[in-house]
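> just coords:
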Ligand SMILES: NC(=O)c1ccc[n+]([C@@H]2O[C@H](COP(=O)([O-])OP(=O)(O)OC[C@H]3O[C@@H](n4cnc5c(N)ncnc54)[C@H](O)[C@@H]3O)[C@@H](O)[C@H]2O)c1
Ligand SMILES: O=C(O)[C@H](O)COP(=O)(O)O
(Lines give C-alpha, C1' and ligand atoms only; values in the text may rest on other atoms or scores of the structure.)
(Ligands and ions follow the chains in the order given, each with its own letter.)
Protein backbone atom coordinates (compact mmCIF):
# COMPACT_ATOMS: atom_id res chain seq x y z
CA UNK A 1 0.00 0.00 0.00
CA UNK A 2 1.32 3.40 -0.89
CA UNK A 3 0.73 5.31 2.35
CA UNK A 4 2.63 7.96 4.23
CA UNK A 5 4.97 5.91 6.40
CA UNK A 6 3.60 5.12 9.81
CA UNK A 7 6.02 7.10 11.89
CA UNK A 8 8.80 8.36 9.69
CA UNK A 9 11.31 11.12 9.76
CA UNK A 10 10.67 13.72 7.09
CA UNK A 11 13.43 13.31 4.52
CA UNK A 12 12.29 16.32 2.46
CA UNK A 13 14.60 19.31 2.79
CA UNK A 14 12.62 22.44 3.50
CA UNK A 15 11.03 24.38 0.63
CA UNK A 16 13.32 27.39 0.81
CA UNK A 17 16.40 25.15 0.65
CA UNK A 18 15.20 23.20 -2.37
CA UNK A 19 13.96 26.16 -4.39
CA UNK A 20 15.19 29.67 -3.94
CA UNK A 21 11.89 31.33 -4.70
CA UNK A 22 10.85 34.65 -3.26
CA UNK A 23 8.24 34.85 -0.56
CA UNK A 24 5.04 36.84 -0.75
CA UNK A 25 5.05 40.01 1.32
CA UNK A 26 1.98 38.67 3.12
CA UNK A 27 3.77 35.42 3.97
CA UNK A 28 5.83 37.35 6.48
CA UNK A 29 2.74 37.83 8.63
CA UNK A 30 2.37 34.11 9.32
CA UNK A 31 4.61 31.95 11.44
CA UNK A 32 6.06 29.28 9.19
CA UNK A 33 4.78 25.77 9.78
CA UNK A 34 7.25 23.94 11.98
CA UNK A 35 8.06 21.50 9.17
CA UNK A 36 9.62 24.51 7.39
CA UNK A 37 11.82 25.48 10.26
CA UNK A 38 14.36 22.73 10.64
CA UNK A 39 16.82 25.22 12.11
CA UNK A 40 14.53 26.20 14.98
CA UNK A 41 14.94 24.28 18.23
CA UNK A 42 12.43 21.42 18.42
CA UNK A 43 11.48 19.23 21.32
CA UNK A 44 11.80 16.18 19.11
CA UNK A 45 11.80 15.08 15.51
CA UNK A 46 8.66 15.72 13.49
CA UNK A 47 6.32 12.77 13.25
CA UNK A 48 4.58 12.18 9.96
CA UNK A 49 0.91 11.57 10.55
CA UNK A 50 -1.61 9.37 8.76
CA UNK A 51 -5.39 8.98 9.02
CA UNK A 52 -6.52 6.52 11.71
CA UNK A 53 -9.23 5.13 9.40
CA UNK A 54 -6.52 4.60 6.87
CA UNK A 55 -7.10 4.84 3.16
CA UNK A 56 -4.56 5.11 0.38
CA UNK A 57 -4.02 8.70 -0.64
CA UNK A 58 -4.88 8.79 -4.33
CA UNK A 59 -3.98 11.86 -6.32
CA UNK A 60 -5.00 12.87 -9.83
CA UNK A 61 -2.77 15.46 -11.46
CA UNK A 62 -4.02 17.07 -14.68
CA UNK A 63 -2.53 19.54 -17.17
CA UNK A 64 1.07 18.38 -17.06
CA UNK A 65 1.98 19.40 -13.52
CA UNK A 66 5.74 19.79 -13.27
CA UNK A 67 7.90 16.81 -12.34
CA UNK A 68 9.15 18.70 -9.27
CA UNK A 69 5.67 18.49 -7.80
CA UNK A 70 5.08 14.90 -8.84
CA UNK A 71 8.35 13.85 -7.17
CA UNK A 72 7.32 15.35 -3.83
CA UNK A 73 3.94 13.61 -3.90
CA UNK A 74 5.22 10.20 -4.98
CA UNK A 75 8.04 10.63 -2.44
CA UNK A 76 5.36 10.65 0.26
CA UNK A 77 4.12 7.26 -0.91
CA UNK A 78 0.87 8.62 -2.36
CA UNK A 79 -0.61 6.98 -5.46
CA UNK A 80 -0.24 9.57 -8.18
CA UNK A 81 -1.81 9.48 -11.63
CA UNK A 82 -0.55 12.31 -13.82
CA UNK A 83 -2.11 13.29 -17.15
CA UNK A 84 -0.79 15.84 -19.64
CA UNK A 85 -4.13 17.49 -20.44
CA UNK A 86 -7.28 18.54 -18.65
CA UNK A 87 -10.35 16.28 -19.03
CA UNK A 88 -13.81 16.81 -20.48
CA UNK A 89 -16.44 17.15 -17.77
CA UNK A 90 -17.85 13.61 -18.01
CA UNK A 91 -14.39 12.01 -17.71
CA UNK A 92 -13.43 14.39 -14.92
CA UNK A 93 -16.54 13.43 -12.96
CA UNK A 94 -15.69 9.74 -13.30
CA UNK A 95 -12.08 10.20 -12.20
CA UNK A 96 -12.64 12.66 -9.37
CA UNK A 97 -14.96 10.24 -7.52
CA UNK A 98 -12.03 8.10 -6.59
CA UNK A 99 -9.36 10.54 -5.39
CA UNK A 100 -8.62 12.45 -2.20
CA UNK A 101 -6.50 15.04 -3.97
CA UNK A 102 -6.69 16.68 -7.37
CA UNK A 103 -4.03 18.90 -8.90
CA UNK A 104 -5.00 21.17 -11.79
CA UNK A 105 -3.88 24.28 -13.66
CA UNK A 106 -6.00 26.98 -15.27
CA UNK A 107 -8.03 24.84 -17.72
CA UNK A 108 -9.79 22.33 -15.47
CA UNK A 109 -13.13 23.63 -14.29
CA UNK A 110 -14.00 22.33 -10.84
CA UNK A 111 -17.60 23.49 -10.79
CA UNK A 112 -20.24 22.60 -8.21
CA UNK A 113 -21.49 19.93 -10.64
CA UNK A 114 -18.07 18.26 -10.70
CA UNK A 115 -17.33 18.73 -6.99
CA UNK A 116 -20.69 17.22 -6.02
CA UNK A 117 -19.37 13.91 -7.32
CA UNK A 118 -16.04 14.24 -5.52
CA UNK A 119 -17.13 12.36 -2.43
CA UNK A 120 -13.61 11.50 -1.25
CA UNK A 121 -11.95 14.80 -2.05
CA UNK A 122 -9.94 16.44 0.75
CA UNK A 123 -7.96 19.04 -1.09
CA UNK A 124 -7.44 20.75 -4.44
CA UNK A 125 -4.03 22.00 -5.59
CA UNK A 126 -4.11 24.73 -8.26
CA UNK A 127 -0.62 24.55 -9.73
CA UNK A 128 -0.97 28.14 -10.96
CA UNK A 129 -1.96 31.58 -9.67
CA UNK A 130 -5.60 31.77 -10.72
CA UNK A 131 -8.28 29.95 -8.71
CA UNK A 132 -11.26 31.27 -10.70
CA UNK A 133 -11.66 27.81 -12.29
CA UNK A 134 -12.69 26.34 -8.91
CA UNK A 135 -15.98 26.88 -7.09
CA UNK A 136 -14.16 27.99 -3.94
CA UNK A 137 -17.29 28.55 -1.90
CA UNK A 138 -18.74 25.13 -2.63
CA UNK A 139 -15.37 23.57 -1.82
CA UNK A 140 -15.13 25.43 1.52
CA UNK A 141 -18.67 24.48 2.50
CA UNK A 142 -17.71 20.84 1.99
CA UNK A 143 -14.43 21.10 3.88
CA UNK A 144 -12.28 20.83 0.74
CA UNK A 145 -9.21 23.04 1.05
CA UNK A 146 -7.84 24.80 -2.02
CA UNK A 147 -4.20 25.84 -2.39
CA UNK A 148 -2.45 27.72 -5.19
CA UNK A 149 0.90 29.31 -5.91
CA UNK A 150 0.20 33.01 -5.54
CA UNK A 151 3.32 34.49 -7.11
CA UNK A 152 5.79 31.89 -8.42
CA UNK A 153 5.07 32.71 -12.07
CA UNK A 154 4.65 36.50 -11.68
CA UNK A 155 8.12 37.28 -12.95
CA UNK A 156 7.63 35.06 -16.02
CA UNK A 157 4.45 36.95 -16.94
CA UNK A 158 6.09 40.34 -16.37
CA UNK A 159 9.02 39.39 -18.63
CA UNK A 160 6.66 38.18 -21.36
CA UNK A 161 4.82 41.51 -21.27
CA UNK A 162 8.08 43.46 -21.54
CA UNK A 163 8.95 41.39 -24.61
CA UNK A 164 5.52 42.12 -26.07
CA UNK A 165 5.72 45.87 -25.48
CA UNK A 166 8.90 46.07 -27.56
CA UNK A 167 7.61 43.58 -30.15
CA UNK A 168 4.40 45.57 -30.68
CA UNK A 169 6.18 48.92 -30.83
CA UNK A 170 8.48 47.54 -33.55
CA UNK A 171 5.84 45.36 -35.30
CA UNK A 172 8.15 42.37 -34.81
CA UNK A 173 5.43 39.75 -35.23
CA UNK A 174 4.43 41.05 -38.66
CA UNK A 175 8.04 41.49 -39.87
CA UNK A 176 8.89 37.98 -38.74
CA UNK A 177 5.77 36.49 -40.39
CA UNK A 178 6.63 38.30 -43.65
CA UNK A 179 10.18 36.95 -43.61
CA UNK A 180 8.79 33.44 -42.98
CA UNK A 181 6.74 33.97 -46.18
CA UNK A 182 9.91 35.12 -48.03
CA UNK A 183 9.00 38.86 -48.00
CA UNK A 184 11.63 41.54 -47.18
CA UNK A 185 9.66 44.55 -45.88
CA UNK A 186 12.00 47.09 -44.28
CA UNK A 187 9.86 49.86 -42.68
CA UNK A 188 10.23 52.46 -39.95
CA UNK A 189 6.83 54.15 -40.24
CA UNK A 190 4.87 53.76 -36.98
CA UNK A 191 7.71 51.81 -35.35
CA UNK A 192 8.78 53.30 -32.05
CA UNK A 193 11.22 53.13 -29.17
CA UNK A 194 9.55 52.43 -25.85
CA UNK A 195 11.78 54.88 -23.97
CA UNK A 196 9.71 57.83 -22.76
CA UNK A 197 6.37 56.14 -23.50
CA UNK A 198 3.73 55.66 -20.82
CA UNK A 199 2.77 52.20 -19.63
CA UNK A 200 -0.65 51.94 -17.97
CA UNK A 201 -0.95 48.90 -15.68
CA UNK A 202 -4.45 47.81 -14.71
CA UNK A 203 -4.18 45.72 -11.52
CA UNK A 204 -1.02 46.52 -9.54
CA UNK A 205 -0.61 43.19 -7.74
CA UNK A 206 2.19 40.65 -7.92
CA UNK A 207 2.53 40.82 -11.71
CA UNK A 208 1.64 44.47 -12.24
CA UNK A 209 4.19 45.67 -9.68
CA UNK A 210 6.99 43.44 -11.08
CA UNK A 211 6.26 44.81 -14.51
CA UNK A 212 6.32 48.36 -13.17
CA UNK A 213 9.94 47.98 -12.04
CA UNK A 214 11.08 46.41 -15.31
CA UNK A 215 9.32 49.04 -17.44
CA UNK A 216 10.81 51.95 -15.51
CA UNK A 217 14.26 50.41 -15.87
CA UNK A 218 13.74 50.67 -19.63
CA UNK A 219 12.84 54.34 -19.48
CA UNK A 220 9.06 54.09 -19.51
CA UNK A 221 6.78 56.25 -17.38
CA UNK A 222 4.48 53.99 -15.35
CA UNK A 223 0.94 54.75 -14.21
CA UNK A 224 -1.42 52.23 -12.69
CA UNK A 225 -5.05 51.77 -11.76
CA UNK A 226 -6.17 49.42 -8.98
CA UNK A 227 -9.29 49.17 -6.85
CA UNK A 228 -7.01 49.24 -3.82
CA UNK A 229 -4.81 52.21 -2.95
CA UNK A 230 -1.26 50.95 -3.28
CA UNK A 231 2.18 52.50 -2.97
CA UNK A 232 3.84 52.79 -6.35
CA UNK A 233 7.30 51.30 -6.82
CA UNK A 234 9.98 53.70 -8.08
CA UNK A 235 8.24 56.69 -9.57
CA UNK A 236 5.12 54.80 -10.70
CA UNK A 237 1.96 56.80 -10.04
CA UNK A 238 -1.52 55.53 -9.19
CA UNK A 239 -4.35 57.14 -11.15
CA UNK A 240 -7.86 57.38 -9.70
CA UNK A 241 -9.88 55.79 -12.49
CA UNK A 242 -9.57 53.34 -15.34
CA UNK A 243 -10.59 56.15 -17.67
CA UNK A 244 -7.69 58.33 -16.49
CA UNK A 245 -5.31 55.48 -17.26
CA UNK A 246 -6.77 54.76 -20.67
CA UNK A 247 -6.56 58.38 -21.81
CA UNK A 248 -2.93 58.78 -20.71
CA UNK A 249 -1.20 55.47 -21.54
CA UNK A 250 0.54 54.54 -24.79
CA UNK A 251 0.50 50.88 -23.72
CA UNK A 252 -2.28 49.42 -21.56
CA UNK A 253 -1.64 46.06 -19.90
CA UNK A 254 -4.19 44.11 -17.86
CA UNK A 255 -3.32 42.19 -14.68
CA UNK A 256 -6.61 41.77 -12.84
CA UNK A 257 -8.27 38.53 -11.71
CA UNK A 258 -11.34 37.07 -13.39
CA UNK A 259 -14.27 38.51 -11.47
CA UNK A 260 -17.78 39.63 -12.40
CA UNK A 261 -16.44 43.23 -12.19
CA UNK A 262 -13.57 42.55 -14.61
CA UNK A 263 -15.68 40.82 -17.29
CA UNK A 264 -15.38 42.86 -20.50
CA UNK A 265 -13.54 45.54 -18.52
CA UNK A 266 -12.11 46.59 -21.88
CA UNK A 267 -14.85 46.86 -24.49
CA UNK A 268 -15.89 49.40 -27.14
CA UNK A 269 -16.35 52.34 -24.74
CA UNK A 270 -12.96 51.79 -23.09
CA UNK A 271 -11.15 51.26 -26.40
CA UNK A 272 -12.59 54.56 -27.61
CA UNK A 273 -11.05 56.29 -24.57
CA UNK A 274 -7.59 54.95 -25.39
CA UNK A 275 -5.09 57.12 -27.25
CA UNK A 276 -5.02 57.01 -31.04
CA UNK A 277 -2.42 54.42 -32.09
CA UNK A 278 -2.00 52.94 -28.60
CA UNK A 279 -1.48 49.27 -27.71
CA UNK A 280 -3.35 46.74 -25.55
CA UNK A 281 -1.90 43.68 -23.80
CA UNK A 282 -3.94 41.04 -21.99
CA UNK A 283 -2.19 38.24 -20.10
CA UNK A 284 -4.74 38.07 -17.28
CA UNK A 285 -7.94 36.20 -18.16
CA UNK A 286 -9.78 35.90 -21.47
CA UNK A 287 -13.04 37.32 -20.12
CA UNK A 288 -11.45 40.71 -19.33
CA UNK A 289 -11.37 41.91 -22.96
CA UNK A 290 -14.27 42.01 -25.40
CA UNK A 291 -12.35 40.55 -28.31
CA UNK A 292 -14.82 41.48 -31.04
CA UNK A 293 -14.58 45.10 -29.88
CA UNK A 294 -10.78 44.86 -29.99
CA UNK A 295 -10.86 43.49 -33.54
CA UNK A 296 -13.03 46.43 -34.60
CA UNK A 297 -10.74 48.95 -32.88
CA UNK A 298 -7.68 47.46 -34.56
CA UNK A 299 -9.29 47.38 -37.98
CA UNK A 300 -10.16 51.06 -37.64
CA UNK A 301 -6.54 51.88 -36.74
CA UNK A 302 -7.46 53.25 -33.32
CA UNK A 303 -5.43 50.50 -31.64
CA UNK A 304 -2.05 50.02 -33.31
CA UNK A 305 -1.25 46.64 -31.84
CA UNK A 306 -2.28 44.07 -29.28
CA UNK A 307 -0.94 40.99 -27.54
CA UNK A 308 -3.31 38.35 -26.18
CA UNK A 309 -2.21 35.37 -24.12
CA UNK A 310 -5.65 34.39 -22.79
CA UNK A 311 -9.07 33.79 -24.37
CA UNK A 312 -12.65 33.23 -23.20
CA UNK A 313 -12.47 29.62 -24.43
CA UNK A 314 -9.18 27.78 -24.43
CA UNK A 315 -8.62 24.21 -25.63
CA UNK A 316 -7.85 21.48 -23.10
CA UNK A 317 -4.86 20.15 -25.06
CA UNK A 318 -2.31 21.25 -27.65
CA UNK A 319 -3.35 20.97 -31.30
CA UNK A 320 -5.03 22.87 -34.14
CA UNK A 321 -7.97 24.00 -32.01
CA UNK A 322 -7.70 27.80 -32.28
CA UNK A 323 -10.55 28.27 -34.75
CA UNK A 324 -14.11 29.49 -35.15
CA UNK A 325 -15.51 26.45 -33.29
CA UNK A 326 -13.64 27.45 -30.14
CA UNK A 327 -14.36 31.19 -30.30
CA UNK A 328 -16.60 32.56 -33.06
CA UNK A 329 -14.22 35.48 -33.83
CA UNK A 330 -11.22 33.10 -34.07
CA UNK A 331 -10.44 33.57 -37.76
CA UNK A 332 -11.08 37.34 -37.73
CA UNK A 333 -8.63 37.74 -34.89
CA UNK A 334 -5.96 35.79 -36.72
CA UNK A 335 -6.29 38.08 -39.76
CA UNK A 336 -5.57 41.34 -37.86
CA UNK A 337 -2.17 43.03 -38.32
CA UNK A 338 0.30 43.58 -35.46
CA UNK A 339 -1.39 41.27 -33.01
CA UNK A 340 0.66 38.78 -31.03
CA UNK A 341 -1.34 35.67 -30.14
CA UNK A 342 0.14 33.26 -27.62
CA UNK A 343 -1.43 30.09 -26.15
CA UNK A 344 -1.63 31.07 -22.45
CA UNK A 345 2.11 30.78 -21.87
CA UNK A 346 2.55 33.72 -19.48
CA UNK A 347 3.57 31.45 -16.62
CA UNK A 348 5.04 28.70 -18.77
CA UNK A 349 8.75 28.82 -18.00
CA UNK A 350 10.94 26.11 -16.50
CA UNK A 351 11.63 28.31 -13.48
CA UNK A 352 8.00 29.11 -12.77
CA UNK A 353 6.67 25.59 -13.31
CA UNK A 354 9.37 24.03 -11.15
CA UNK A 355 8.76 26.50 -8.33
CA UNK A 356 4.98 26.07 -8.54
CA UNK A 357 5.33 22.28 -8.50
CA UNK A 358 7.30 22.44 -5.26
CA UNK A 359 5.22 25.12 -3.57
CA UNK A 360 1.80 23.57 -4.20
CA UNK A 361 2.92 20.00 -3.52
CA UNK A 362 4.48 21.07 -0.22
CA UNK A 363 1.19 22.72 0.75
CA UNK A 364 -0.71 19.56 -0.18
CA UNK A 365 1.61 17.37 1.86
CA UNK A 366 1.34 19.65 4.90
CA UNK A 367 -2.42 19.58 4.61
CA UNK A 368 -2.74 15.83 4.05
CA UNK A 369 -0.22 14.81 6.70
CA UNK A 370 -0.62 17.55 9.30
CA UNK A 371 -3.93 19.30 8.60
CA UNK A 372 -2.15 22.66 8.30
CA UNK A 373 -4.11 25.12 6.12
CA UNK A 374 -1.53 27.92 5.78
CA UNK A 375 -1.87 29.41 2.30
CA UNK A 376 -5.37 28.01 1.70
CA UNK A 377 -7.44 30.36 -0.45
CA UNK A 378 -10.83 29.21 0.85
CA UNK A 379 -10.46 27.91 4.44
CA UNK A 380 -9.21 29.76 7.51
CA UNK A 381 -5.43 29.58 7.77
CA UNK A 382 -4.67 27.37 10.76
CA UNK A 383 -1.34 26.01 11.94
CA UNK A 384 -0.42 23.90 14.92
CA UNK A 385 3.13 22.97 15.89
CA UNK A 386 3.95 19.50 14.52
CA UNK A 387 3.70 16.41 16.68
CA UNK A 388 7.07 14.88 17.37
CA UNK A 389 8.43 11.40 17.92
CA UNK A 390 8.43 12.22 21.64
CA UNK A 391 4.63 12.17 21.47
CA UNK A 392 3.80 8.64 20.28
CA UNK A 393 0.28 8.29 21.67
CA UNK A 394 -1.15 11.52 20.36
CA UNK A 395 -3.88 12.01 17.83
CA UNK A 396 -4.46 15.17 15.82
CA UNK A 397 -8.17 15.82 15.47
CA UNK A 398 -9.36 18.10 12.68
CA UNK A 399 -12.95 19.25 12.76
CA UNK A 400 -14.21 21.40 9.90
CA UNK A 401 -17.61 22.71 10.84
CA UNK A 402 -20.35 25.25 10.23
CA UNK A 403 -19.54 28.48 12.00
CA UNK A 404 -22.53 28.48 14.37
CA UNK A 405 -22.86 29.14 18.13
CA UNK A 406 -22.16 26.39 20.65
CA UNK A 407 -19.87 24.15 18.57
CA UNK A 408 -16.75 24.48 20.71
CA UNK A 409 -18.67 23.52 23.86
CA UNK A 410 -19.90 20.33 22.18
CA UNK A 411 -16.49 19.49 20.76
CA UNK A 412 -14.84 19.97 24.14
CA UNK A 413 -17.48 17.77 25.77
CA UNK A 414 -16.48 15.06 23.30
CA UNK A 415 -12.81 15.52 24.17
CA UNK A 416 -14.13 14.92 27.71
CA UNK A 417 -11.56 13.21 29.87
CA UNK A 418 -8.80 13.27 27.29
CA UNK A 419 -5.98 15.71 27.68
CA UNK A 420 -6.08 18.28 24.89
CA UNK A 421 -2.43 19.24 24.69
CA UNK A 422 -2.95 22.07 22.21
CA UNK A 423 -5.90 23.36 20.24
CA UNK A 424 -6.59 26.09 17.71
CA UNK A 425 -9.69 27.24 15.91
CA UNK A 426 -10.45 29.90 13.34
CA UNK A 427 -13.27 30.76 10.98
CA UNK A 428 -13.73 32.24 7.55
CA UNK A 429 -17.28 33.20 6.73
CA UNK A 430 -19.59 30.27 7.36
CA UNK A 431 -16.84 27.71 7.80
CA UNK A 432 -14.63 27.11 10.83
CA UNK A 433 -11.58 24.89 11.23
CA UNK A 434 -10.50 23.36 14.52
CA UNK A 435 -7.34 21.39 15.17
CA UNK A 436 -6.50 19.74 18.47
CA UNK A 437 -3.71 17.41 19.60
CA UNK A 438 -5.01 14.91 22.13
CA UNK A 439 -2.62 12.85 24.24
CA UNK A 440 -2.76 9.28 25.58
CA UNK A 441 -5.15 7.88 23.02
CA UNK A 442 -5.25 4.49 21.36
CA UNK A 443 -6.96 3.47 18.11
CA UNK A 444 -10.20 2.69 19.96
CA UNK A 445 -10.23 6.18 21.50
CA UNK A 446 -9.62 7.68 18.08
CA UNK A 447 -12.59 5.84 16.62
CA UNK A 448 -14.79 7.04 19.49
CA UNK A 449 -13.68 10.64 18.99
CA UNK A 450 -14.19 10.33 15.25
CA UNK A 451 -17.69 8.85 15.54
CA UNK A 452 -18.81 11.39 18.13
CA UNK A 453 -17.64 14.35 16.04
CA UNK A 454 -19.16 12.82 12.89
CA UNK A 455 -22.53 12.76 14.65
CA UNK A 456 -22.58 16.51 15.44
CA UNK A 457 -25.00 18.54 13.34
CA UNK A 458 -22.35 21.23 12.77
CA UNK A 459 -19.98 18.75 11.09
CA UNK A 460 -18.57 19.38 7.64
CA UNK A 461 -15.57 17.06 7.81
CA UNK A 462 -13.70 15.11 10.47
CA UNK A 463 -10.15 13.81 10.19
CA UNK A 464 -8.17 12.05 12.88
CA UNK A 465 -4.45 11.67 12.21
CA UNK A 466 -1.88 9.92 14.37
N1 LIG B 1 -1.15 34.48 -18.61
C2 LIG B 1 -0.76 33.74 -17.62
O3 LIG B 1 -0.19 32.67 -17.80
C4 LIG B 1 -1.03 34.19 -16.22
C5 LIG B 1 -0.11 33.84 -15.21
C6 LIG B 1 -0.35 34.27 -13.93
C7 LIG B 1 -1.49 34.99 -13.63
N8 LIG B 1 -2.38 35.29 -14.61
C9 LIG B 1 -3.58 36.09 -14.32
O10 LIG B 1 -3.16 37.37 -13.90
C11 LIG B 1 -3.99 37.80 -12.85
C12 LIG B 1 -3.22 38.77 -11.98
O13 LIG B 1 -2.20 38.08 -11.31
P14 LIG B 1 -1.47 38.69 -10.02
O15 LIG B 1 -0.64 37.61 -9.47
O16 LIG B 1 -0.83 39.98 -10.33
O17 LIG B 1 -2.73 38.91 -9.09
P18 LIG B 1 -2.79 39.78 -7.78
O19 LIG B 1 -3.95 39.29 -7.02
O20 LIG B 1 -1.48 39.85 -7.11
O21 LIG B 1 -3.13 41.25 -8.34
C22 LIG B 1 -4.35 41.59 -8.92
C23 LIG B 1 -4.60 43.06 -8.67
O24 LIG B 1 -5.78 43.43 -9.38
C25 LIG B 1 -6.49 44.33 -8.56
N26 LIG B 1 -7.89 44.35 -8.98
C27 LIG B 1 -8.86 43.45 -8.70
N28 LIG B 1 -10.02 43.84 -9.29
C29 LIG B 1 -9.76 44.99 -9.95
C30 LIG B 1 -10.53 45.87 -10.73
N31 LIG B 1 -11.83 45.63 -10.98
N32 LIG B 1 -9.93 46.96 -11.23
C33 LIG B 1 -8.62 47.22 -10.98
N34 LIG B 1 -7.83 46.42 -10.24
C35 LIG B 1 -8.39 45.32 -9.74
C36 LIG B 1 -6.28 43.81 -7.15
O37 LIG B 1 -6.55 44.80 -6.18
C38 LIG B 1 -4.82 43.40 -7.21
O39 LIG B 1 -3.96 44.43 -6.81
C40 LIG B 1 -4.37 36.49 -12.13
O41 LIG B 1 -5.60 36.62 -11.47
C42 LIG B 1 -4.43 35.49 -13.22
O43 LIG B 1 -5.77 35.44 -13.68
C44 LIG B 1 -2.17 34.90 -15.90
O1 LIG C 1 -3.26 31.36 -13.26
C2 LIG C 1 -2.11 31.22 -13.69
O3 LIG C 1 -1.13 31.00 -12.98
C4 LIG C 1 -1.87 31.35 -15.15
O5 LIG C 1 -3.01 31.67 -15.85
C6 LIG C 1 -1.14 30.18 -15.74
O7 LIG C 1 -1.98 29.08 -15.85
P8 LIG C 1 -1.43 27.70 -16.40
O9 LIG C 1 -0.65 27.06 -15.28
O10 LIG C 1 -2.63 26.91 -16.76
O11 LIG C 1 -0.53 28.00 -17.57
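The structure has been received and is ready for your questions. Not measured: the values here are computed from a predicted model. Numbers count the residues shown, from 1 in each chain. Ligands and ions are numbered 1, 2, ... in the order given.

> Strands of the stretch 51-200 of the chain, residue ranges please.
For the stretch 51-200 of the chain, strands defined by DSSP state E, counting those that start in this stretch occupy the ranges 58-61, 79-82, 101-104, 123-126, 145-147, 198-202.

> Look up how far residue 195 lies from the residue lying closest to residue 407 once chain neighbours are set aside.
Excluding the flanking residues, the one nearest residue 407 by CB to CB, 6 or more residues apart in numbering is residue 458, at 4.7 Å. Yep, even glycine has a C-beta here, placed from its N, CA and C like the rest. The gap separating residue 458 from residue 195 is 62 Å, by CB to CB, to the nearest Å.

> Likewise for residue 216?
In this structure, residue 216 and residue 195 are separated by 11 Å, where distance is defined by CB to CB.

> Ok, residue 327 next?
36 Å.

> Then residue 171?
Plainly put, residue 171 is 17 Å away from residue 195 if you go by CB to CB.

> and the two? which has more neighbours close in?
residue 171 (22 against 10; other CB atoms under 10 Å).

> Could you pull up the contacting residues of the spatially closest residue to that one that is not a sequence neighbour?
Leaving aside its sequence neighbours, residue 171 sits nearest to residue 338 (CB to CB, 6+ apart; 5.3 Å). Residue 338 makes contact with 168, 171, 173, 174, 298, 304, 305, 306, according to CB atoms under 8 Å, 6 or more residues apart in numbering.

> residues near the first one, how many?
The number of residues packed near residue 168 is 25, by other CB under 10 Å.

> Am I right that it is in contact with residue 340?
Yes - in terms of CB atoms under 8 Å, residue 168 counts as a neighbour of residue 340; the distance is 6.7 Å.

> Can you work out which residues contact both of the two?
Both residue 168 and residue 340 are in contact with 305, 306, 307, where contact means CB under 8 Å, 6+ apart.

> got a pLDDT number for the last one?
Put plainly, it is residue 307. Turning to residue 307, the model gives it a pLDDT of 98.

> go on, residue 18?
Model confidence at residue 18, expressed as pLDDT, equals 40.

> Residue 55 now?
So residue 55 comes in at 69 (pLDDT).

> And the one 10 residues further on, by the same measure?
The per-residue pLDDT reported for residue 65 equals 98.

> Ok, the one 4 residues further on next?
According to the model's per-residue confidence, residue 69 sits at a pLDDT of 98.

> Look at residue 352 and say how many residues are nearby.
If you count neighbours by other CB under 10 Å, residue 352 ends up with 23.

> which ones are touching the residue lying closest to it once chain neighbours are set aside?
Spatial nearest neighbour of residue 352, chain neighbours left out: residue 153 (3.6 Å); criterion: CB to CB, 6+ apart. Residue 153 sits next to 128, 129, 346, 347, 349, 352, 353, 355, 356 when contact means CB under 8 Å, 6+ apart.

> got the phi/psi numbers for whichever residue of the stretch 251-400 of the chain sits closest to ligand 1?
Per CB to the nearest ligand atom, residue 346 is where the stretch 251-400 of the chain lies closest to ligand 1, at 2.6 Å. With angles defined as degrees, to the nearest 10, residue 346 shows backbone torsions of phi -50, psi -40.

> repeat for residue 345
The phi and psi torsions at residue 345 (degrees, to the nearest 10) take the values phi -110, psi 10.

> Residue 304 now?
Per degrees, to the nearest 10, the backbone of residue 304 is at phi -80, psi -20.

> count of neighbours near it?
22.

> Kindly state the pLDDT recorded for the residue in the stretch 201-350 of the chain that ligand 1 sits nearest to?
Using CB to the nearest ligand atom, the closest approach of the stretch 201-350 of the chain to ligand 1 is made by residue 205 at 1.8 Å. Looking at residue 205, its pLDDT is 98.

> and what of residue 25?
In this model, residue 25 carries a pLDDT of 34.

> again with residue 389
Per the predicted model, pLDDT is 88 at residue 389.

> just checking, residue 221 touches residue 199?
Yes - using CB under 8 Å, residue 221 and residue 199 qualify as a contacting pair, with a distance of 7.1 Å.
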